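Colleague: Can you look at this prediction? I've put the sequence above it.
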Amino acid sequence: MKIIPVQRGGNASSRLGVAVVTLLVALGVTASASDPSPSQMQKNSEQGKTHKWYEIGKASWYGRYFQGKKTANGEQYDMNGLTCAHRSLPLNSWVKVTNLRNRKSIFVRVNDRGPLPEDRIVDLSYGAAKAVGITGLGRVKLETLRPGDSEMMHQLMAQIRLPLMATQGL
């Protein structure tokens, strides 16, 4: 599985916001998903207590028509950002999205509600869909970022750090 770093420009305040969110994630101050149905849980047989939440289904994306409109968490939608809309995951939580066709993955932040079509599990921003190679509909796996999952935490921090360093000329 390959995590795709995405280069994003931006002003200092957006980079500061990303840095603050990264710090909160590193400290374990993230929201976790509510208990999913048994079909969406995978029990780790070695530990016997740990559950990993995941969801598999169709993903779509939304772009220019919604650009600048207010999202469910109150921010303006940025079609080039790494965000998504999900029906039930907590707003501002982080989700790993893996395109099951090409195995490309990226972390996105839940900032909106949706998707409207019932047969889809997530609406990705244009930037997130492009990063994982989805041009229309795609089959994806969603995994929530949970405190204590050091592998996912390192992947997320590497994804966020690369664009910040690129914009600072490092």
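Modeller: Structure's in. What do you need?
Colleague: quick one: which helix or strand includes the residue lying closest to S105 once chain neighbours are set aside?
Modeller: Leaving aside its sequence neighbours, S105 sits nearest to T98 (CB to CB, 6 or more residues apart in numbering; 4.3 Å). In this view, the C-beta of every residue, glycine as well, is placed from N, C-alpha and C. Following DSSP states H and E, one finds T98 within strand 94-99.
Colleague: Ok, K52 next?
Modeller: strand 51-62.
Colleague: What pairs with the helix or strand following that strand, parallel or antiparallel?
Modeller: Moving toward the C-terminus from strand 51-62, the next helix or strand (DSSP H and E) is strand 83-85. Strand 83-85 sits in its sheet next to strand 104-112 (parallel), strand 120-125 (antiparallel), going by DSSP bridges.
Colleague: mean confidence score for strand 83-85?
Modeller: Mean pLDDT, strand 83-85: 96.
Colleague: for stretch 114-126, same thing?
Modeller: The model assigns stretch 114-126 a mean pLDDT of 92.
Colleague: Contacts for it next, please.
Modeller: 55-64, 77-87, 95, 97, 108, 112, 132, 134, 137, 140, 142 (CB atoms under 8 Å, 6 or more residues apart in numbering).
Colleague: List the buried residues for stretch 99-109?
Modeller: N99, K104, S105, I106, F107, V108, R109 (16 or more other CB atoms under 10 Å).
Colleague: got a list of what T98 touches?
Modeller: M1, K104, S105, V132, V140, K141, E143.
Colleague: Hmm, I56 and the last one touching each other?
Modeller: No: counting by CB atoms under 8 Å, E143 sits too far from I56 to count as a contact (10.0 Å).
Colleague: Paired strands for the strand holding K52, with orientation please.
Modeller: Sheet pairing for strand 51-62, using DSSP bridges, gives strand 41-43 (antiparallel), strand 120-125 (parallel), strand 138-144 (antiparallel).
Colleague: Any regions of this protein where pLDDT drops low?
Modeller: 1-51, 162-170 (pLDDT under 70).
Colleague: how close does the nearest residue to W94 once chain neighbours are set aside get to G63?
Modeller: Among residues not flanking W94 along the chain, L145 sits closest, at 4.1 Å (CB to CB, 6+ apart). Separation of L145 from G63 (CB to CB, to the nearest Å): 25 Å.
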